[in-house]
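Peer 1: model this:
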Amino acid sequence: MIWQRVRVALLASIVAMAAALPLVNGGKAQAGSCGSGCNNGCGSVTTSTSAAPGTVISGPATRTITVTEMVPENYTTTRTVTRQQRVEEKYTAYRIERVPETKTRTVTVYEKVPVEETRTRTVCVSVPVCKQVTCMEKHWVCKQVTTCTRKCVDKGHWECQQVEVKSCFAKKKKCCDPCDPCSCKEECPKYKTKKCWVSNKCWIETPCTKTVKVCEYRPVTKTVHTCEKQSRCETYKVTVCKCVPHQKCETYTCCVEKKIPYEATRCVIKCVPVQEQVTCCRMVKRCVEKQVPVCDVCNPCDSCDSCAKPCKRSRCK
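Peer 2: All right, here's what the predicted structure looks like:
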């Protein structure tokens, strides 16, 4: 599409340039440009304009020349282009489904089986043994022992002392006059002389010798029958349960994922070739007749308007 636009733009620019230039075909006219009396090699005049006798010509004289020009021409043609189209297509898709399936497997199973085993253990046994033992025996011996005897002796004496005499029936004297407090006092105490013992205790120690039976311990060696503990290893039988493995075949059902194909439809964008008719423009050479002013005889013909280059002769004939 981009190249098509560029091509149309180029053709339009060429047409505009051709319309701006009055003469095409290399900038040279096919006929002479200096008038009827000019023999300068610019070309041959096909038709010359001549005024009727008795008429007054105003303005420059013209003549008709034949010029080859590039003229744009539109034409219709067919071309193949690629267009994107949405096309539905079928394809094979897969969906995952869980299907129950029966399988077989071998499993190891353990069973308890009673087994008789022989084991060894250490046992402590008492064994009678004769030993020489030194022991301490009691022996009673009479010994002279000196002891000290203590005796408490009172070494006191008698003394004469004044002792108050108290009567069991003594009472307070009644007050005869309540206003006199002195009249209500007790009677004065009475004393008597009495002989009293004043003690003086002393301890007297007296040594005493006596015979005492005393127990003494003496070492004696004897033969003694005793039992000693000895460890021995003995074998015994035990019944134990052991797990014995064995193979077992079992059947189980499990769900297995499987891909199941199915036909699905989807829209896909594809490039599809399409035939289309387009109008194009091309430049065609055509002969066109144009009116061109004729050069003046009196003026020098250094250059002509109809020619792109100056004439070969300096003056026209």
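
Peer 1: same question for the host helix or strand of K90, mean pLDDT?
Peer 2: Secondary structure from DSSP states H and E places K90 in strand 62-154. The pLDDT scores in strand 62-154 average 89.

Peer 1: partner strands of that strand, parallel or antiparallel?
Peer 2: With DSSP bridges as the test, strand 62-154 is paired with strand 47-48 (antiparallel), strand 201-293 (antiparallel).

Peer 1: could I get those strands in JSON lines, plus columns for mean pLDDT?
Peer 2: Putting those into JSON lines (pLDDT from 0 to 100) gives the following:
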{"stretch": "strand 47-48", "mean pLDDT": "40"}
{"stretch": "strand 201-293", "mean pLDDT": "89"}
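
Peer 1: looking at these, which is closest to V115?
Peer 2: V115 lies closest to strand 201-293 among the strands paired with strand 62-154, at 4.9 Å (CB to CB). All C-beta spots, glycine's among them, are computed from the backbone N, C-alpha and C.

Peer 1: double-check I96 against K258; I have them as touching.
Peer 2: Yes. Using CB atoms under 8 Å, I96 is in contact with K258, at 7.2 Å.

Peer 1: so which of the two has more stuff around it?
Peer 2: K258 (12 against 8; other CB atoms under 10 Å).

Peer 1: who's the more buried one bridged to?
Peer 2: Counting by DSSP bridges, K258 forms beta bridges with E97.

Peer 1: gap between it and E101?
Peer 2: Counting by CB to CB, to the nearest Å, the separation of K258 from E101 is 9 Å.

Peer 1: ok so, going back, after the strand holding K90 comes which helix or strand?
Peer 2: Next along from strand 62-154, by DSSP H and E: strand 157-165.

Peer 1: what's that following strand packed up against?
Peer 2: Helices and strands touching strand 157-165, by 3 or more CB pairs under 8 Å, 6 or more residues apart in numbering; DSSP states H and E, are strand 190-198.

Peer 1: who are the packing partners of the strand it packs on?
Peer 2: Applying 3+ CB pairs under 8 Å, 6+ apart, we find strand 190-198 packed against strand 157-165.

Peer 1: contacting residues around the strand it packs on?
Peer 2: For strand 157-165, contacts defined as CB atoms under 8 Å, 6 or more residues apart in numbering pick out P189, K190, Y191, K192, T193, K194, K195, C196, W197, V198, N200.

Peer 1: and the angle for that strand with strand 190-198?
Peer 2: For strand 157-165 against strand 190-198, the angle by axes from the mean of the first three to the mean of the last three CA atoms, to 10 degrees is 150 degrees.

Peer 1: figure out how far strand 157-165 is from the centre of its chain.
Peer 2: Its chain's C-alpha centre and that of strand 157-165 lie 117 Å apart, by CA atoms, centre = their mean, to the nearest Å.

Peer 1: and what of stretch 277-297?
Peer 2: Here stretch 277-297 is found 82 Å from its chain centre; the criterion is CA atoms, centre = their mean.

Peer 1: just the CA coordinates of that stretch, formatted as PDB?
Peer 2: Taking C-alpha atoms only, stretch 277-297 is exported to PDB below (Å, rounded to 0.1, in the frame of the first residue of the first chain):
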ATOM      1  CA  GLN A 277      -9.300  -3.300  -9.900                       C
ATOM      2  CA  VAL A 278      -7.400   0.000  -9.500                       C
ATOM      3  CA  THR A 279      -7.100   3.100 -11.700                       C
ATOM      4  CA  CYS A 280      -3.500   4.000 -12.500                       C
ATOM      5  CA  CYS A 281      -2.000   7.000 -14.200                       C
ATOM      6  CA  ARG A 282       0.600   6.900 -16.900                       C
ATOM      7  CA  MET A 283       2.300   9.500 -19.100                       C
ATOM      8  CA  VAL A 284       1.700   9.100 -22.900                       C
ATOM      9  CA  LYS A 285       3.400  11.100 -25.700                       C
ATOM     10  CA  ARG A 286       0.900  13.100 -27.800                       C
ATOM     11  CA  CYS A 287       1.300  15.700 -30.600                       C
ATOM     12  CA  VAL A 288      -0.400  18.900 -29.800                       C
ATOM     13  CA  GLU A 289      -0.800  22.000 -31.900                       C
ATOM     14  CA  LYS A 290       0.000  25.300 -30.300                       C
ATOM     15  CA  GLN A 291      -0.100  29.000 -31.400                       C
ATOM     16  CA  VAL A 292       3.400  30.500 -31.000                       C
ATOM     17  CA  PRO A 293       4.200  34.300 -31.600                       C
ATOM     18  CA  VAL A 294       6.400  35.000 -34.700                       C
ATOM     19  CA  CYS A 295       9.800  36.800 -34.300                       C
ATOM     20  CA  ASP A 296      10.100  40.400 -35.600                       C
ATOM     21  CA  VAL A 297      12.200  40.800 -38.800                       C
END
